[in-house]
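Undergrad: only geometry, no sequence info:
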């Protein structure tokens, strides 16, 4: 009797469970069919821009009825979050991807092919954006897996007051100028330097290679550093350390060095401008930015983020609508005004350049001559090896040729592992 | 006599096995939860790592398991051929060889002094020494980073006050090892001091008093009575400290990210970078298995040495 009762209860409760589940699924389907517009999109944005992003997209939700659930992911956790999402298969609908992480995302195969989306949404057409972020420049096969969102570039920050004191009315415009001015400024006394090169920055030597007229990727899309242009770039980079123009301290603080004047020149992005204004508002007017000093060219880095749609998203059409909304020049300008991240839409960039803000115009000018890091898997690892090799030569007196040869071999090995 | 003998012989075999049998599963039931946790969170991951280490698992392998292929011992071959792996091993070895005696001696010395003094000052100091052990590593790293900073650090400022030149605390490979090691020692001593204090309180006063009556000096009593009686505590602290140095990770990760020029890249940090920064899960698993074997061997050797010491 007791056993019978137990069995019955078990059977009943499992039946109830099944029914409840069926009811739930049924309800969901019905709802989705009734009004497709009420879908909720899960959006991952990077950094601390979550609240601003919610504000920006309020109009989108109002117009389309599509709700957004915005998660802000700190930059340092992006890789962990991505790995977890890939492993569990539980990703967002729309995701912001830093350009340097794009190859990893592509390699993981988690991004949806956007070829059809681009065709359906004229605002997303590659012709609306700079060439640097055109699909054919972001992947080896030219398939569009993401659309441009925000941009960032490197320009030369300089202390105009310190340069003027040394008799320079303008910032250096060529490599040779840069070397001589930096050397001159370094002679101001103990603890004074001319130029700060962040030793952890694995993009500057690449920018120098581009400026020397070369590339770090060969015609087949394989990483290749054995070129006269990279050698020239390495010499230029190392030169600042050889003559004491740049500090060798690995914990040098970029903002502090610029504000104190110990390193009155530095190549950095718009975020440094904000840091300087916050740290030393009184310096306003005694510093400025300009496009990078040139060798063959003055090519800079095109950094920033793209947006992609997760492959397993259940709402790809709604997600595409969101991408379209965010590609609108007006919305990109609103985003710049809200958080200071530069747009990628060419129309938005042109409009910002016309605002009469000198620094803003410099960024926009520089974006015209800027490229992204090579979009090859394992690039991050190769680039860090490059930075380590150059740092070893500059700071520990390691033999230049043998260290570089070891790095070339290492780069080949990394390539073969990916 | 012959009649009485059989029951006397038989009785024990009947009752004893049955009692043993009845109680047989109880200890296992008590141990089971711990065993389940151990198997689920220690043994199983090690086995999984062992399997993964023979594959080329990377991020695309996570998304699509069919793209993962078996590569045999290739990851181990790469590991052995990688000079950075050997560099990380040497660095970890150096940290262990120097760090273990420093931590054991420093915490033992502090514990002896604290135990001896007593009073309110001693208990305040005890809390003071324990503070580093319970402070979040990120906060610790931030503050030490500011102290060490070559531009505006307090330490270099203090040195300049007494006319000494700046020290490249985190910029020079040798100094960086020292600085990172110092923070680790500072963090690790707190807990070990408490362990030693607890052990010291377990030593009966009679031994000390007897020796005192015999005219033994303070130093003699410490060397001949207290320290030998602390043998087990010293052994315990040594084993755990050796393991924690072999797994050295937090301090270099937050203070130097392994730099400058990999001078502070420990084996754990190397594995972490390969696995979670560059997504080479197979390769990193091979590294972690090697580390596991090293730690197991070192610990077994220590246990053996301790065993022979007892006889």
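TA: Received it, and whenever you're ready, just let me know what you need. Fair warning: this is a prediction, and the values are worked out from it, not measured in the lab. Numbers count the residues shown, from 1 in each chain, chains lettered A, B, ... in the order given.
Undergrad: Which residue, other than its chain neighbours, is closest to residue B:232?
TA: residue B:199 (7.4 Å; C-beta to C-beta, 6 or more residues apart in numbering or on different chains). Every residue, glycine included, has its C-beta placed from N, CA and C.
Undergrad: tell me which residues in the helix or strand hosting the one you found are buried?
TA: When elements are assigned from DSSP states H and E, residue B:199 belongs to helix B:173-201. Residues of helix B:173-201 classed as buried: B:173, B:175-177, B:179-197, B:199-200 (neighbour count, 16 or more other C-beta atoms under 10 Å in any protein chain shown).
Undergrad: Distance check, the closest residue to residue A:144 other than its chain neighbours against chain B.
TA: The spatial neighbour of residue A:144 that comes closest, neighbours along the chain excluded (C-beta to C-beta, 6+ apart), is residue A:135 at 3.9 Å. In this view, residue A:135 and chain B are 20 Å apart by C-beta to the nearest C-beta, to the nearest Å.
Undergrad: backbone phi and psi for residue A:135, please?
TA: Backbone dihedrals for residue A:135, given as degrees, to the nearest 10, come out at phi -50, psi -40.
Undergrad: try the one 10 residues further on
TA: Note on residue A:145: its backbone torsions stand at phi -110, psi -10 [degrees, to the nearest 10].
Undergrad: If we ignore the residues flanking it in sequence, what's nearest residue 87?
TA: Going with chain A. Closest to residue A:87 by C-beta to C-beta, 6+ apart is residue B:62, at 4.6 Å.
Undergrad: not what I meant, chain B
TA: residue B:262 (5.6 Å).
Undergrad: wait, isn't that neighbour in contact with residue A:387?
TA: No. Applying C-beta atoms under 8 Å, one finds residue B:262 not in contact with residue A:387, separated by 11.6 Å.
Undergrad: Make sure residue A:201 is indeed in a helix.
TA: No. Going by DSSP: H, G, I helix; E, B strand; the rest coil, the assignment for residue A:201 is coil, not a helix.
Undergrad: Tell me how far it lies from chain B.
TA: In this view, residue A:201 and chain B are 13 Å apart by C-beta to the nearest C-beta.
Undergrad: Would you confirm that that residue contacts residue A:384?
TA: No. Residue A:201 lies out of contact with residue A:384 (C-beta under 8 Å); the separation is 10.6 Å.
Undergrad: for the residue nearest the centre of chain A, helix, strand, or coil?
TA: Nearest to the mean C-alpha position of chain A, by C-alpha atoms, centre = their mean, lies residue A:304 at 3.3 Å. With three-state DSSP as the basis, the three-state label of residue A:304 is strand.
Undergrad: what kind of secondary structure is the nearest residue to it once chain neighbours are set aside in?
TA: Take residue A:304 and drop its neighbours on the chain: the residue closest to it by C-beta to C-beta, 6+ apart is residue A:151, 3.9 Å away. Assigned with three-state DSSP, residue A:151 falls in the strand class.
Undergrad: Can you report how many residues lie near residue A:151?
TA: 31 (other C-beta atoms under 10 Å in any protein chain shown).
Undergrad: any chance you could map the helices in the stretch 101-250 of chain B?
TA: Ranges of helices in the stretch 101-250 of chain B, per DSSP state H, counting those that start in this stretch, are B:119-134, B:137-148, B:154-161, B:173-201, B:205-213, B:218-221, B:227-229, B:231-246, B:250-255.
Undergrad: quick one: average confidence on the fourth one?
TA: Model confidence over helix B:173-201 averages 92 on the pLDDT scale.
Undergrad: quick revisit: need the winner for burial among the helices of the stretch 101-250 of chain B.
TA: When the helices of the stretch 101-250 of chain B are scored by mean count of other C-beta atoms under 10 Å in any protein chain shown, the highest mean neighbour count falls to helix B:250-255 (a mean of 23).
Undergrad: Now the element after that helix, going C-ward?
TA: helix B:267-272.
Undergrad: Just confirm yes or no for that next one near chain A.
TA: No. On the criterion C-beta under 8 Å from any C-beta of the partner chain, helix B:267-272 is out of touch with chain A, staying 11.1 Å away.
Undergrad: what's downstream of that helix, the next helix or strand?
TA: Using DSSP H and E, the helix or strand that follows helix B:267-272 in sequence is helix B:281-310.
Undergrad: ok, and what's touching the stretch of helix or strand the residue nearest to residue A:87 belongs to?
TA: Using DSSP H and E, residue B:62 maps to helix B:59-63. Defining contact as C-beta atoms under 8 Å, 6 or more residues apart in numbering or on different chains, one finds that helix B:59-63 is touched by A:82-83, A:86-87, A:89, A:104, A:107-110, B:55, B:67-68, B:279, B:281-282.
Undergrad: So for the next helix or strand after it, mean pLDDT?
TA: Heading C-terminal from helix B:59-63, the first helix or strand you meet, by DSSP H and E, is helix B:74-81. For helix B:74-81, the mean pLDDT works out to 91.
Undergrad: contact partners of helix B:74-81?
TA: Against helix B:74-81 from outside (C-beta under 8 Å, 6+ apart): A:417, B:53, B:54, B:56, B:85, B:282, B:283, B:285, B:286, B:287, B:290.
Undergrad: who are the neighbours in contact with the fourth one?
TA: Spelled out, it's residue B:56. Here residue B:56 is in contact with B:68, B:69, B:71, B:74, B:75, B:282 (C-beta under 8 Å, 6+ apart).
Undergrad: Do a quick rundown of the strands in the stretch 51-200 of chain A.
TA: Assigned by DSSP state E, counting those that start in this stretch, the strands in the stretch 51-200 of chain A fall at A:67-73, A:94-98, A:147-153, A:155-158.
Undergrad: from the chain's centre, how far out does the shortest one sit?
TA: Same thing as strand A:155-158. Relative to its chain's centre, strand A:155-158 lies at 19 Å (C-alpha atoms, centre = their mean, to the nearest Å).
Undergrad: what helices or strands is that strand leaning on?
TA: For strand A:155-158, the elements it packs on are strand A:265-268, helix A:270-279, strand A:288-290, helix A:358-368, judged by 3 or more C-beta pairs under 8 Å, 6 or more residues apart in numbering or on different chains; DSSP states H and E.
Undergrad: Format the ones you listed as JSON lines; extra columns: mean pLDDT and distance to chain B.
TA: Listed next are the helices and strands packed on strand A:155-158 as JSON lines, based on pLDDT from 0 to 100; distance: least, C-beta to the nearest C-beta, whole Å:
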{"stretch": "strand A:265-268", "mean pLDDT": "95", "distance to chain B": "14"}
{"stretch": "helix A:270-279", "mean pLDDT": "90", "distance to chain B": "12"}
{"stretch": "strand A:288-290", "mean pLDDT": "94", "distance to chain B": "22"}
{"stretch": "helix A:358-368", "mean pLDDT": "92", "distance to chain B": "25"}
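Undergrad: between these, which gets nearest to residue A:318?
TA: Proximity to residue A:318 (C-beta to C-beta) singles out helix A:358-368 among the helices and strands packed on strand A:155-158, at 30.4 Å.
Undergrad: Just give me how far the closest one sits from the chain centre.
TA: For helix A:358-368 - counting by C-alpha atoms, centre = their mean - the centre lies 17 Å from the chain centre.
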